[in-house]
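Novice: dropping the sequence and predicted coords here.
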Amino acid sequence: MEKASLTSVSSRLQESLRSDSIMDLVRSTPYVCPNPTEPRPSGPFKPGSLSPFTVLKSTKPDEFTLELAYSTNMCNQFRIKISRTDPMVCRLAKSKEVSRDPETQAYITNVLGPDTFQLRVDGAERFVIDTPTHYDWEKCEYSYDFRLATTGVVWFSAMRLYKNYDGFYELHANGTDHLNPANLYLTVPPLQLNLCGTKCAPYQPPLLSHHASVFDPSLPDVSANPPSPLPACTGPDPIKGSYVASSLPSILYPPVPLPMSPTRPSAGLFDFVPEGCTFQHDGMRFKDHTSCMEKPEQVLFIGDSHTRAMYDALVHRLEGNDSVVQLSQKIPSKTRQIGNLYLEFTWDPFIRSMVTCEYISRFSSVIVSTGSHQACWECVDFPTVTLQHQLFTIFTTWPQAFAQCRPGLPPTKFIYMNSPAFAYPGSHYRLDCRTGPRLEYWNNKANYLARAAGWAVVDTFMHSRPFAIDTYMLDGVHYLKTDAIDPMADEVIEKLGICGNTGRKAYHFGPM
């Protein structure tokens, strides 16, 4: 495709987006406006549906070329291409051995490539990609397809995190010299993208509470023909969705105190919008949680600190607090009785505990999170095939053990929370292998194994990846104090099935 010159970088792009020819094209052809309540656009772009590539300004033009092409028939759909100016870098790297497992070796060298980039958009939607949609090793080109779920202006930024396969490498004898972060901002400052024009109205998520209302004469009157209500989010598969900018009244007048990073609120900025459904159970914030503690239920949380964080989030929520949970005390075990609901947490990040029938027969539901410590502390000494074997053993043997230890009782519910995303690397994280490409690959394998064995799955990685940069400003690891924690709690409560759906609002307002 035709390429623009480097001399008219963002100004050329912004001019092209504002030009009459583009708006004429929008008016004369079918133009789709994405809606986050519907399934996110997916699949490859159709031939001829993208504009010519425009070259963007790179901070290292002698090493990398950045280009953008946008969809001419759907708002906020675009492709970013990052190319090395010297393709021999990728050609020489193609034959490098990076894993002893043939499948993992092929994935790293054919799909990922030797460089790891993180691409992010902010604004109307928070969305992050660090695995290329397509990699061409002969041209040394990395392509990333952004299929945003909402309309509105976004700001794009790109960063190179690793080179020489340090983003995913499985062959060192130990992790002491494995990670060498090669942080390089390729876009400074972020590039503003207005790819929707005036054709698509911005999506407005519901207000966080009933304390404000909206009067806007420009909005269509839907009172005579209201939209059909969406069904409840249910089922064992991960609940997909997107994080869109919160409504302005919710940001200006937050109904609950918001946690803070050193420079700004770390939550209350984005709302999670599930695809094609809504959470409706009584365990949601601002609802009356009475039905959640009426039936006798015993829930075991076992695994790493992310399981502990979810335990604390549920305790915080179901004890009547509307605020975002901000603290998860580091102790090896916790218990809480809330009405007839009993919750217990056990610290066991590698799932090595020897448990007896007397112990496990007490629990009607089990929530497990493991994998994060393996990627951190054991690093490359713990390759993908070892994790798969460990998880396969857990997913297949635990249901059998619980069935034998709980004869005559209803089947135990099993929920797997995969490993969350991790903050981008800094010098103090050199020994930590929780990189985006590695965790995405591991979690895809883990999700498949869990579902094949009949476990429900909460995609912690999907929820936390947009907010990894926020965790970097907090403790660098956990998703507490971010906009990811409450939707994850909503999904865990739904999958536990402990709450009714009376629709009653809580009588109190704010933290108790």
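Specialist: Nice, I can see it. These numbers were taken from a predicted model, which means no experiment stands behind them. Numbers count the residues shown, from 1 in each chain.
Novice: need the strands for the stretch 301-450 of the chain, in chain order.
Specialist: 333-338, 341-347, 365-369, 413-417 (DSSP state E, counting those that start in this stretch).
Novice: quickly run through the sheet partners of the third one, with directions.
Specialist: What that stands for is strand 365-369. strand 297-303 (parallel), strand 413-417 (parallel) (DSSP bridges).
Novice: please work out the average pLDDT along the first one.
Specialist: Right, strand 297-303. For strand 297-303, mean pLDDT rounds to 98.
Novice: can you redo the strands of the stretch 301-450 of the chain as TSV with distance to Asp483 and mean pLDDT?
Specialist: To be clear about C-beta, it is placed using only N, CA and C from the backbone, and glycine gets the same treatment. Output for the strands of the stretch 301-450 of the chain, formatted as TSV (distance: least, Cβ to Cβ, whole Å; pLDDT from 0 to 100):
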stretch	distance to Asp483	mean pLDDT
strand 333-338	24	98
strand 341-347	23	97
strand 365-369	20	98
strand 413-417	17	98
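Novice: got the ones you listed as a markdown table, with distance to Asp322 columns?
Specialist: Formatted as a markdown table, the strands of the stretch 301-450 of the chain follow (distance: least, Cβ to Cβ, whole Å):
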| stretch | distance to Asp322 |
| --- | --- |
| strand 333-338 | 16 |
| strand 341-347 | 18 |
| strand 365-369 | 23 |
| strand 413-417 | 23 |
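Novice: closest one to Pro399 among those strands?
Specialist: Nearest of the strands of the stretch 301-450 of the chain to Pro399, taken as Cβ to Cβ: strand 413-417 at 6.2 Å.
Novice: list the contacts of the nearest residue to Ala309 once chain neighbours are set aside.
Specialist: Using Cβ to Cβ, 6 or more residues apart in numbering and skipping the chain neighbours, the partner closest in space to Ala309 is Ser328 (4.7 Å). By Cβ atoms under 8 Å, 6 or more residues apart in numbering, the contact set of Ser328 is 305, 308-309, 311-312, 478, 480.
Novice: mind listing which of those are in helices?
Specialist: 305, 308-309, 311-312 (DSSP state H).
Novice: measure the residue of the chain positioned farthest from its centre to Ser361 for me?
Specialist: Distance from the C-alpha centroid of the chain, by Cα atoms, centre = their mean, peaks at Gly408 (38.8 Å). Plainly put, Gly408 is 11 Å away from Ser361 if you go by Cβ to Cβ, to the nearest Å.
Novice: and what of Glu170?
Specialist: Taken as Cβ to Cβ, the span from Glu170 to Ser361 is 39 Å.
Novice: between the two, tell me which one has more neighbours.
Specialist: Using other Cβ atoms under 10 Å as the criterion, Glu170 and Ser361 rank with Glu170 on top: 24 against 16.
Novice: element containing that one?
Specialist: Under DSSP states H and E, no helix or strand contains Glu170.
Novice: quick check, pLDDT for the residue farthest from the centre of the chain.
Specialist: 94.
Novice: got the contact list for it?
Specialist: Going by Cβ under 8 Å, 6+ apart, the list of residues near Gly408 is empty.
Novice: what's the separation between it and Gln390?
Specialist: 31 Å.
Novice: tell me who's in contact with the spatially closest residue to Ile302 that is not a sequence neighbour.
Specialist: Nearest in space to Ile302, with sequence neighbours left out and distances taken as Cβ to Cβ, 6+ apart, is Thr346 at 4.7 Å. By Cβ under 8 Å, 6+ apart, Thr346 lies in contact with 300-302, 332-333, 353.
Novice: let's go with 10 Å and repeat that
Specialist: For Thr346, the contacting residues are 300-303, 307-308, 311, 332-335, 353, 355, 359, by Cβ atoms under 10 Å, 6 or more residues apart in numbering.
Novice: can you tell me which of these are buried?
Specialist: 300-303, 307-308, 311, 334 (16 or more other Cβ atoms under 10 Å).
Novice: Throw those into TSV and include distance to Val153, thanks.
Specialist: Formatted as TSV, the buried ones among the contacts of Thr346 follow (distance: Cβ to Cβ, whole Å):
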residue	distance to Val153
Leu300	45
Phe301	40
Ile302	44
Gly303	40
Thr307	38
Arg308	38
Tyr311	39
Lys334	44
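Novice: from the contact counts, what lies against the helix or strand where Ser83 lies?
Specialist: Ser83 is part of strand 77-84, with elements assigned from DSSP H and E. Strand 77-84 sits against strand 54-56, strand 64-70, strand 116-123, strand 134-136, strand 141-147, strand 154-162, with contacts defined as 3 or more Cβ pairs under 10 Å, 6 or more residues apart in numbering; DSSP states H and E.
Novice: what is the rounded mean pLDDT of it?
Specialist: Rounded mean pLDDT across strand 77-84 is 97.
Novice: picking that back up, reformat the strands paired with strand 365-369 as TSV; add distance to Ala245.
Specialist: Shown next, in TSV, are the strands paired with strand 365-369 (distance: least, Cβ to Cβ, whole Å):
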stretch	distance to Ala245
strand 297-303	32
strand 413-417	26
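Novice: nearest to Lys46, of those?
Specialist: Comparing the strands paired with strand 365-369 against Lys46 with Cβ to Cβ, the closest turns out to be strand 413-417 (35.8 Å).
Novice: how far does that closest one sit from its chain's centre?
Specialist: 18 Å (Cα atoms, centre = their mean, to the nearest Å).
Novice: same deal with stretch 313-330?
Specialist: Distance, centroid of stretch 313-330 to centroid of chain: 21 Å (Cα atoms, centre = their mean).
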